[in-house]
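Chemist: Any chance you could fold what I've pasted below:
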Amino acid sequence: MSRMLEEIRQQPEALARTLSAEMRSVERFRRRLEKQRPRWIVLVARGTSDNAATFGRYLLEITTGIPVSLAAPSVTTLYDAHLDYRDTLVVAISQSGESTDINMVLERARARGALTLGITNERASSLATLAEHTFLVRAGKERSVAATKTYTGQMLVFYLLAHALGGGVKRADLERVPEAVEAALGLEDEVNALSERYTYMRNAVVVGRGLNYANALEFALKLMETCYVVAERFSSADFLHGPIAFVEARFPVFAFAPPGPTWTSISQTLEKLHNLHAEIITVTDAGNPEAAAKATRVIRLPRRVKEVLTPIPYIVPAQLFAASLAAQKGLDPDRPRTLSKVTQTI
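Modeler: Here you go, the predicted model:
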């Protein structure tokens, strides 16, 4: 069994541990924010952490009303631009805390007036030292190159940040997330059997919308780095603005399809794909029975989940699929070719 699969299975405990251990830091940070609420938030990350940041952008804007931007690190590291970060909260997200460009952006932002927060899995990392405040992802050591438990841990920490910013995210709701992830893990045998159908898949598309758009980015990344599948990823809205033209009969399209505000958009996309006779695989839950009517295959979480809480449990069957498909292809998801656990770029 791969370490990737082992770490996917560790997520309920890792999430519960993070939630329990970080509440004191979250409440302390909440009191700090009450004295001076930021007018802007800037998130800086790379790779899987950048996908978590995309989720954070949606969540924070939806729940707090504060405009959020994703930083382009090269603006600082290559162009040496001098940005005014007054009244801004800059949040750096890094599994290892040792990404050179992320840390450089955070350091420069702090020097130029930003309030800084680090989100990392490593307490003793450079990021934790540079940031004024740190929220730890308590996932334990992640040994597989393919990040799984740190991704969901970072997403959970964004819920905690939304709570600290007065975003109406309730701890009681967050305490249900590990249980929802446990239920998603119960789909492992079903997902493993499904993955056999796609053993020879070379190309795919993944779509999502809103809070689950980040999961489209992350699932496609996992297919690329662990299964060597060329996986394009889109917002369902952007997908209809052009890329859908390359879809033909039996082309595999994976879609995150929760009930709620994004369903109408996702449903319209699935309808068009159905008319093109595409191979449609949806990830949904018991609260959206309509999703099955427009899909070739359905991965359905057994319990209804509040739409705002769907991203963490919804990514779990996608992680399982990538780990299973890698095994079907005879690949090692823990050691993708040319990749290492810590990637340092400027």
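Chemist: for Arg112, what are its contacts?
Modeler: His82, Leu83, Asp84, Tyr85, Arg86 (CB atoms under 8 Å, 6 or more residues apart in numbering). In short, each C-beta sits where N, CA and C put it, glycine included.
Chemist: residues near the fourth one, how many?
Modeler: It refers to Tyr85. One way to gauge burial is a neighbour count; for Tyr85, by other CB atoms under 10 Å, it gives 20.
Chemist: Would you agree it is in contact with Ala114?
Modeler: Yes - taking contact to mean CB atoms under 8 Å, the distance of 3.6 Å between Tyr85 and Ala114 places them in contact.
Chemist: Overlap in contacts, these two.
Modeler: With contacts defined as CB under 8 Å, 6+ apart, the residues shared by Tyr85 and Ala114 are Val42.
Chemist: For the contacts of Arg112, pick the one with the most neighbours.
Modeler: Each of the contacts of Arg112 was scored for neighbours by other CB under 10 Å, and Tyr85 scores highest at 20 neighbours.
Chemist: and that one, what element?
Modeler: Following DSSP states H and E, there is no helix or strand that holds Tyr85.
Chemist: show me where the stretch 101-250 of the chain has helices.
Modeler: 126-130, 149-164, 171-174, 177-185, 188-195, 213-227, 236-240 (DSSP state H, counting those that start in this stretch).
Chemist: so which of those gets nearest Thr120?
Modeler: Put simply, out of those the one that sits nearest Thr120 is helix 126-130, at 4.9 Å, with distance taken as CB to CB.
Chemist: Any buried residues in stretch 105-119, and which?
Modeler: The neighbour-count check on stretch 105-119 (16 or more other CB atoms under 10 Å) flags Val105, Leu106, Glu107, Arg108, Ala109, Arg110, Ala114, Leu115, Thr116, Leu117, Gly118, Ile119 as buried.
Chemist: before we move on, what about stretch 267-281?
Modeler: Neighbour counts using 16+ other CB under 10 Å place Ser267, Thr269, Leu270, Lys272, Leu273, Leu276, Ala278, Glu279, Ile280, Ile281 of stretch 267-281 among the buried residues.
Chemist: for stretch 159-177, same thing?
Modeler: Along stretch 159-177, the positions that meet the burial threshold by neighbour count (16+ other CB under 10 Å) are Tyr159, Leu160, Leu161, Ala162, His163, Ala164, Leu165, Gly167, Val169, Leu174, Val177.
Chemist: By mean pLDDT, flag the weakest helix or strand of the chain.
Modeler: Among the helical and strand segments of the chain, the one scoring lowest on mean pLDDT, DSSP states H and E is helix 236-240, with a mean of 86.
Chemist: which helices and strands sit right next to that one?
Modeler: Using 3 or more CB pairs under 8 Å, 6 or more residues apart in numbering; DSSP states H and E as the contact criterion, the elements in contact with helix 236-240 are strand 203-208, helix 263-275.
Chemist: helices or strands next to the next helix or strand after the last one in the packing?
Modeler: Proceeding N to C from helix 263-275, the next assigned helix or strand is strand 279-285, under DSSP H and E. Strand 279-285 sits against strand 252-256, helix 263-275, strand 297-301, helix 311-328, with contacts defined as 3+ CB pairs under 8 Å, 6+ apart.
Chemist: Now distance to Leu43 too, for the ones you listed, in CSV please.
Modeler: As requested, those are arranged in CSV below (distance: least, CB to CB, whole Å):
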stretch, distance to Leu43
strand 252-256, 21
helix 263-275, 24
strand 297-301, 27
helix 311-328, 16
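Chemist: JSON lines for the contacts of Arg112, including pLDDT and distance to Val206?
Modeler: Written out in JSON lines, the entries for the contacts of Arg112 read as follows (pLDDT from 0 to 100; distance: CB to CB, whole Å):
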{"residue": "His82", "pLDDT": "92", "distance to Val206": "38"}
{"residue": "Leu83", "pLDDT": "95", "distance to Val206": "33"}
{"residue": "Asp84", "pLDDT": "94", "distance to Val206": "37"}
{"residue": "Tyr85", "pLDDT": "96", "distance to Val206": "34"}
{"residue": "Arg86", "pLDDT": "95", "distance to Val206": "38"}
